[in-house]
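Undergrad: using only what follows, build the 3D model:
(one chain, ligands or ions: 1)
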Amino acid sequence: MQNALSFRHVLTPDGMVHDVTLEVGPDGRITALRPAVGPFHGELALPGIPDAHSHCFQRLLAGHGEVPSGSDSFWSWREAMYRAAARIDAEALHAIARQCYAEALAGGYTSVAEFHYLHHAPDGARGPELAAAVIEAAREVGIHLVLLPVYYQTGGFGQPARPEQARFVHATVDEFLRLLESVQGRVPLGVAPHSLRAVPPEILPVLVREVRALLGSATPFHIHVAEQVAEVEACRAAHGATPVELLARSVELDAHWNLVHATHASEAELALIAARDATVVICPSTEAYLGDGLCDVETLQRAGGALAIGSDANTRLDAIEELRWLEYGQRLRSRQRARLADGRGLGEPLWTGVVDAGARALGEKVGGLAIGQRADLLSVRTDGALLGHDPARWLDALIIGGSRADIEDVYVAGQRVVSGGVHRDATRIRADFGRAARRLLRGEA
Ligand SMILES: [Zn+2]
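TA: Take a look at the predicted model:
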């Protein structure tokens, strides 16, 4: 089905253009940009943001673990997360993922890299049912999914997996490859070695080789790295190297690698990541939520490094808010303003930067509103945060003062999935999520 979408202002990789119709082919890709005469579908079209790091099941936990227990850290939160995850079955995951992805779309994300590690049923049964629940949820909701099955083998540096990690664990790379085979062809796949904590360095190259043999040499790899100071210290004690050093020593870092968090990466490590063309995925609201710390994003940017964003724990799905906190984190860190801005202002370089890097992180053609890219876009209202501003400053006004409430319509592959800020199936999705959450969190039947 041919489709045409017209806007008064369109943010392209080359800057803002005016009075443009986007022609969308039957495969959902943009085939042409031509002058428009109206009627218009909206005032301002922005490319949808690829969410480069999500754990959809954690949407269940937003608001839990906020009563002080004496020692509240990432590690105590993780224990609470394990307890909740232990009860999630395929039916509940399907309901949680639909809620999460519907909110993601309304919050400005049009594709998502799902870092999926809830593999086995609560009773330990093997099979692709939980991955299938995520795939089906994304299909129903209309977000574009890249599934990143997670390889998880050990419970810490040189330590066996703990019982509460049993649902995440594959004993061998071969066993993990069977899971990949069972979902291959259903959605685009990448692979995520969970972290250096969970995958011994001698196993990493084996995993990469086997995955590339099965899925091809362009397969994206994602890994949590240097999120916590305790993780960096434990890695040093076990291997005499930091996680980034150990990773770079174990595999050939290149443009297919995506390092999630890199919170405690040193200046030299960030320069190395940039020089190898790997991408860093920052998850600003989650890193604040978990008390991780702040990555030195300015150094990464000065080194020319690619930076994508992720919604991670999914406590709130709002890409605009994530971008604001990406900048604000650097302001708080440096006690100075306009840290990630350039001559274009703040909003345009931030937005186009994370769209471009996010597309690469997902291995998808969603790098902006241009010919050949998928027509994933947001129509932004101009009577909210943008009101009264010159169009040249709209993106700045959106990042500083806006939120997902400013997103009017959302299109994936040229098809509208959110209208007036509301997902097309929001009522049913909310009802199912509410039922699943009450069952899991409050024990209701
Ligand atoms: Zn994560």
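
Undergrad: check what pLDDT residue 2 gets.
TA: Looking at residue 2, its pLDDT reads 65.

Undergrad: same question for residue 444.
TA: At residue 444, pLDDT is 79.

Undergrad: let me know whether it touches residue 438 as I believe.
TA: Yes. Checked against C-beta atoms under 8 Å, the pair residue 444 and residue 438 is within contact range at 4.2 Å. (Each C-beta comes from the backbone N, C-alpha and C, glycine too.)

Undergrad: looking at these two, which is more packed in?
TA: Neighbour tally, residue 444 and residue 438, criterion other C-beta atoms under 10 Å: the higher count belongs to residue 438, 12 against 9.

Undergrad: and that one, how close does it get to residue 63?
TA: According to C-beta to C-beta, to the nearest Å, residue 438 and residue 63 sit 14 Å apart.

Undergrad: also residue 313?
TA: Note on residue 313: its distance to residue 63, by C-beta to C-beta, is 11 Å.

Undergrad: what's the following helix or strand after whichever strand or helix holds residue 20?
TA: Residue 20 belongs to strand 15-24 when assigned by DSSP states H and E. Proceeding N to C from strand 15-24, the next assigned helix or strand is strand 30-35, under DSSP H and E.

Undergrad: need the contact partners of that following strand.
TA: 10, 12, 17, 19-25, 369-375 (C-beta atoms under 8 Å, 6 or more residues apart in numbering).

Undergrad: what pLDDT, on average, does it get?
TA: pLDDT averaged over strand 30-35 gives 97.

Undergrad: alpha carbons of it, as PDB, please.
TA: Provided in PDB are the C-alpha atoms of strand 30-35 (Å, rounded to 0.1, in the frame of the first residue of the first chain):
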ATOM      1  CA  ILE A  30      10.500   6.300   2.400                       C
ATOM      2  CA  THR A  31      10.700   6.400  -1.400                       C
ATOM      3  CA  ALA A  32      10.600  10.200  -2.000                       C
ATOM      4  CA  LEU A  33      10.500  13.600  -0.300                       C
ATOM      5  CA  ARG A  34       8.700  16.100  -2.500                       C
ATOM      6  CA  PRO A  35       7.200  19.600  -2.000                       C
END
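
Undergrad: state the paired neighbours of the helix or strand that that strand is followed by in the sheet, together with their directions.
TA: Downstream of strand 30-35, the first helix or strand assigned by DSSP H and E is strand 42-47. Strand 42-47 pairs in its sheet with strand 3-12 (parallel), strand 377-380 (antiparallel), by DSSP bridges.

Undergrad: list the buried residues in the shortest one.
TA: Okay, so that is strand 377-380. 377, 378, 379, 380 (16 or more other C-beta atoms under 10 Å).

Undergrad: check contacts around the second one.
TA: Right, the one you point to is residue 378. Per C-beta under 8 Å, 6+ apart, neighbours of residue 378: 45, 46, 47, 48, 108, 110, 407, 408, 409, 410, 411.

Undergrad: my read is that the fifth one contacts residue 323, right?
TA: Put plainly, it is residue 108. No. Look at residue 108 against residue 323 with C-beta under 8 Å: they stay out of range, at 9.1 Å.

Undergrad: just the helices in the stretch 101-250 of the chain please.
TA: Assigned by DSSP state H, counting those that start in this stretch, the stretch 101-250 of the chain shows helices spanning 129-141, 173-183, 204-215, 229-239, 243-250.

Undergrad: from the contact counts, what lies against the last one?
TA: Translated: helix 243-250. Under the contact criterion of 3 or more C-beta pairs under 8 Å, 6 or more residues apart in numbering; DSSP states H and E, helix 243-250 touches helix 204-215, strand 221-225, helix 229-239, helix 267-275.

Undergrad: would you mark the buried spots in stretch 197-210?
TA: So for stretch 197-210, counting by 16+ other C-beta under 10 Å, buried means 197, 198, 199, 200, 201, 203, 204, 207, 208, 210.

Undergrad: what count of nearby residues applies to residue 393?
TA: Quick note: residue 393 (other C-beta under 10 Å) scores 16 neighbours.

Undergrad: for it, which three-state class applies?
TA: helix (DSSP: H, G, I helix; E, B strand; the rest coil).

Undergrad: grab the nearest non-local neighbour of it.
TA: Of all residues not flanking residue 393 in the chain, residue 345 sits nearest, at 6.7 Å (C-beta to C-beta, 6 or more residues apart in numbering).

Undergrad: quick one, phi/psi of the one you found?
TA: As for residue 345, its main-chain torsions (degrees, to the nearest 10) stand at phi 110, psi -160.

Undergrad: for it, grab the count of nearby residues.
TA: 17.
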